[in-house]
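Participant: From the sequence below, what's the structure:
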Amino acid sequence: MRNFRYINCLAVILFWTSCQRNESSHDTEAKLPNIVIIYMDDLGYGELSAYGATELQTPNMDRLANEGMKFTNAYATSATCTPSRYALLTGVYPWRNENAKILAGTAPLLIDVDQMTIPRMLKTKGYHTSIVGKWHLGLGDGNVDWNQRVSPGPNEVGFDYAYIMAATQDRVPTVYIEDGHVVVLEADDPILVDYENNFEGEPTGKDNPEMLKMIWHHGHNNSIVNGIPRIGFMKGGENAKWIDEDMADEFLVKAQDYVRGRKNETDPFFLYYALQQPHVPRTPHPRFVGTSGMGPRGDVILEADWCIGEFMKTLEEEGLLENTLVIFSSDNGPVLNDGYNDDAVEKLGDHKPWGPFRGGKYSLFEAGTRMPFVTYWKGTIQPGVSDALVSQLDLLNSFSTLVGSDIKTEDSMDILNVLLGKSTDGREEVILEATTRTALRSGDYIMIPPYDGPAVNTFVNIELGNDSEYQLYNIAQDPGQQNNLAEEESDVLKKLIARFEELRGSGYGKIEQLELK
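Facilitator: The predicted structure follows:
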């Protein structure tokens, strides 16, 4: 009897211990943080008041920067959007993929369906994954029927849920796509899209200026949607076409709904919230028109700031703020006139979107790729400022370490402790790209090889970084890149050229000239 009681008692103890172990394991899994990337479009280093802006007040972006870790040496990989987004999601330098350039709305999917991505890696650890907002990484196989399910796309590269626009706000098709399906598309009004030829009888911005509420400056003179001329030609899908002024609200609500829907789920989530502001066409909701005093460009930055505030409020209301890592950044540097006459230049005043740097979008100079970059995790990341050299390329490997995965990509670096504010040991070097041209940031130096092409693109009035000679700048001492040290510090230049060629290969001289459409 005594043995029976002993065995029975031992069985109870073992069962209880097993339950505790299972509960402990479950709790460990449940404590994996949610991860959110808030990604702006064409927002410069100097746009946030937390980064020195004096003419714009961005309290919600500032809250992330002031209550999180604000980075001063953070880079997008590229000075244009598609390559930067490719690198962000894949952890691979965009120049390794010859198709990683500004894509048309009809371009095929840029990411291989078997390629590792942040969402695909996170799914191996039980994450539910989503994207809301701008995609611009291609869809389908290059011959898309927009009236059927569009595939492959975000769902095929790791996203469980996707609510996107195909490319950019200024490109057709001007429709929302949810998990591959054009939203509210009517069967008797099919969509046709072409980037070479217009459809018979369809008005264009070039031929029908009387129909426009926004006047084009360069390019942007094809199909007219909502009084705005676009890049590319589109016919049909009238009920499915978005209302530009409602786009920020549309994406915000979808992001909020996603978060609310995950509140009671046991698995963590990843949300890539890709805002469209302040990319052209700048179409603030009437609530924000005139609020900045800088015209539509300033207004949409304030609109985006409000959206971020409302989104963060949702995380807080749902009790998720202390278990969510938030990354805030932008895909490339700023541009004022990017195809429409919207007073961005005329009403700029004393605002400096590029901050203390030279260049902007499309440029190899610093303002093309030096980004505002913030990590925020309430209760985990202590407020601070980091001068560590980091790249958006590094998010995949860093997230992998965070969630206990051994998946890594060659170009991405594990800088998790830097992102969490526990270390200042960032990268030693990173290759930067602007419309197929590449340069090297190494330590305090930036080396730009000689490239053919104009020094300035006159349409956008931005210095591109092209020169017939090597350029070498000490970016710590000369952030505005005014003093070329190529002759004065020839030994440093020689060393960086050798390192650049080792990393980049010998084919870096094969470039394509910037073509604005």
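Participant: drop to CA atoms for contacts and neighbour counts, all remaining ones
Facilitator: OK.
Participant: Surely residue 279 and residue 80 touch.
Facilitator: No. Between residue 279 and residue 80 there is no contact under C-alpha atoms under 8 Å: 11.2 Å.
Participant: Neighbour count: these two, which is higher?
Facilitator: When neighbours are counted by other C-alpha atoms under 10 Å, residue 279 and residue 80 differ, and residue 80 comes out ahead with 26 against 22.
Participant: got the contact list for that one?
Facilitator: For residue 80, the contact set (C-alpha atoms under 8 Å, 6 or more residues apart in numbering) comprises 101, 102, 331, 332, 333, 361, 362, 368, 434, 435.
Participant: how close does it sit to residue 513?
Facilitator: Per C-alpha to C-alpha, to the nearest Å, residue 80 is found 13 Å from residue 513.
Participant: Same check on residue 336?
Facilitator: Distance, residue 336 to residue 513, by C-alpha to C-alpha: 20 Å.
Participant: So between the two, which is more surrounded?
Facilitator: residue 336 (24 against 12).
Participant: Look up the closest residue to that one, ignoring the ones flanking it.
Facilitator: Leaving aside its chain neighbours, residue 336 sits nearest to residue 344 (5.4 Å; criterion: C-alpha to C-alpha, 6 or more residues apart in numbering).
Participant: How about the secondary structure of that neighbour?
Facilitator: coil (DSSP: H, G, I helix; E, B strand; the rest coil).
Participant: Quick check, it in contact with residue 297.
Facilitator: Yes. Between residue 344 and residue 297 there is a contact at 5.9 Å, judged by C-alpha under 8 Å.
Participant: what residues are shared contacts of those two?
Facilitator: In contact with both residue 344 and residue 297: residue 336, using C-alpha under 8 Å, 6+ apart.
Participant: So which of the two has more stuff around it?
Facilitator: Legend: neighbour count by other C-alpha under 10 Å for residue 344 and residue 297, higher for residue 297 (29 against 19).
Participant: ok, now which ones touch the more buried one?
Facilitator: 278, 282, 336, 342, 344.
Participant: Including distance to residue 138 and pLDDT, could these go into a markdown table?
Facilitator: Listed next are those as a markdown table, based on distance: C-alpha to C-alpha, whole Å; pLDDT from 0 to 100:
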| residue | distance to residue 138 | pLDDT |
| --- | --- | --- |
| 278 | 21 | 98 |
| 282 | 23 | 98 |
| 336 | 26 | 98 |
| 342 | 28 | 97 |
| 344 | 29 | 98 |
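Participant: and these, which two are the farthest apart?
Facilitator: Spatially, the most separated pair among the contacts of residue 297 is 278 and 342, at 12.1 Å (C-alpha to C-alpha).
Participant: who's more crowded, these two?
Facilitator: Neighbour count, other C-alpha under 10 Å: between residue 278 and residue 342, residue 278 has more, with 26 against 23.
Participant: Distance of that one relative to residue 56?
Facilitator: For residue 278 relative to residue 56 (C-alpha to C-alpha), the value is 13 Å.
Participant: Show the contacting residues for residue 294.
Facilitator: Contacts for residue 294 (C-alpha under 8 Å, 6+ apart) come out as 343, 344, 347, 348, 349.
Participant: Now a PyMOL select for only the buried ones of those.
Facilitator: Buried residues among the contacts of residue 294 (16 or more other C-alpha atoms under 10 Å), as a PyMOL selection:
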select buried, resi 344+347+348
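Participant: Redo the contacts of residue 294 as JSON lines? Include distance to residue 139.
Facilitator: Formatted as JSON lines, the contacts of residue 294 follow (distance: C-alpha to C-alpha, whole Å):
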{"residue": "343", "distance to residue 139": "33"}
{"residue": "344", "distance to residue 139": "32"}
{"residue": "347", "distance to residue 139": "37"}
{"residue": "348", "distance to residue 139": "36"}
{"residue": "349", "distance to residue 139": "40"}
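Participant: for the contacts of residue 294, which one is nearest residue 179?
Facilitator: Using C-alpha to C-alpha, these come closest to residue 179 at residue 344, 34.9 Å.
Participant: OK, contacts around that closest one?
Facilitator: Applying C-alpha under 8 Å, 6+ apart, the residues near residue 344 are 294, 295, 296, 297, 298, 336, 337.
Participant: Next one: it from residue 219, what distance?
Facilitator: Distance from residue 344 to residue 219, by C-alpha to C-alpha: 17 Å.
Participant: Let me see the ranges of the helices in the stretch 151-300 of the chain.
Facilitator: With helices called from DSSP state H, counting those that start in this stretch, the stretch 151-300 of the chain shows them at 247-262, 296-317.
Participant: of all the ones you listed, which gets the most neighbours per residue?
Facilitator: With neighbours taken as mean count of other C-alpha atoms under 10 Å, the helices of the stretch 151-300 of the chain reach their highest mean count in helix 296-317, at a mean of 21.
Participant: what distance separates the helix or strand just after it from the centre of its chain?
Facilitator: As assigned by DSSP states H and E, the chain's next helix or strand after helix 296-317 is strand 324-330. With C-alpha atoms, centre = their mean, to the nearest Å as the basis, strand 324-330 stands 10 Å off its chain's centre.
Participant: got the angle for strand 324-330 vs helix 296-317?
Facilitator: Interaxial angle, strand 324-330 versus helix 296-317 (axes from the mean of the first three to the mean of the last three C-alpha atoms, to 10 degrees): 170 degrees.
Participant: Any chance you could list what contacts strand 324-330?
Facilitator: Here strand 324-330 has contacts from 33-44, 64, 76, 371-378, using C-alpha under 8 Å, 6+ apart.
Participant: From those residues, which land in helices?
Facilitator: residue 64 (DSSP state H).
Participant: Restricted to buried residues, select the contacts of strand 324-330 in PyMOL.
Facilitator: Paste this into PyMOL to select the buried members of those, with burial taken from 16+ other C-alpha under 10 Å:
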select buried, resi 33+34+35+36+37+38+39+40+41+42+43+44+64+76+371+372+373+374+375+376+377+378
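Participant: Give me the subset of the contacts of strand 324-330 that lies in strands.
Facilitator: 34-40, 371-376 (DSSP state E).
Participant: Partner strands of the helix or strand hosting residue 389 and their direction?
Facilitator: Following DSSP H and E, one finds residue 389 within strand 384-391. Sheet pairing of strand 384-391 (DSSP bridges) gives strand 69-75 (parallel).
Participant: which helices and strands sit right next to the very next helix or strand once past the partner strand?
Facilitator: Where DSSP H and E defines the elements, the next helix or strand beyond strand 69-75 is helix 81-90. Counting contacts by 3 or more C-alpha pairs under 8 Å, 6 or more residues apart in numbering; DSSP states H and E, helix 81-90 is packed against helix 118-123, helix 395-402.
Participant: next one: helix 81-90 to chain centre, how far?
Facilitator: On C-alpha atoms, centre = their mean, the centre of helix 81-90 falls 7 Å from that of its chain.
Participant: got the angle for it vs strand 384-391?
Facilitator: Per the same axes, to 10 degrees, the angle that helix 81-90 makes with strand 384-391 is 100 degrees.
Participant: Grab the CA positions of helix 81-90 and hand them over as PDB.
Facilitator: C-alpha atoms of helix 81-90 as PDB (Å, rounded to 0.1, in the frame of the first residue of the first chain):
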ATOM      1  CA  CYS A  81      12.500  53.200 -52.700                       C
ATOM      2  CA  THR A  82      12.400  49.800 -54.400                       C
ATOM      3  CA  PRO A  83      16.000  48.800 -53.700                       C
ATOM      4  CA  SER A  84      15.700  50.000 -50.100                       C
ATOM      5  CA  ARG A  85      12.600  48.000 -49.500                       C
ATOM      6  CA  TYR A  86      14.100  44.900 -51.100                       C
ATOM      7  CA  ALA A  87      17.100  45.100 -48.800                       C
ATOM      8  CA  LEU A  88      15.000  45.800 -45.700                       C
ATOM      9  CA  LEU A  89      12.900  42.700 -46.200                       C
ATOM     10  CA  THR A  90      15.600  40.300 -47.500                       C
END
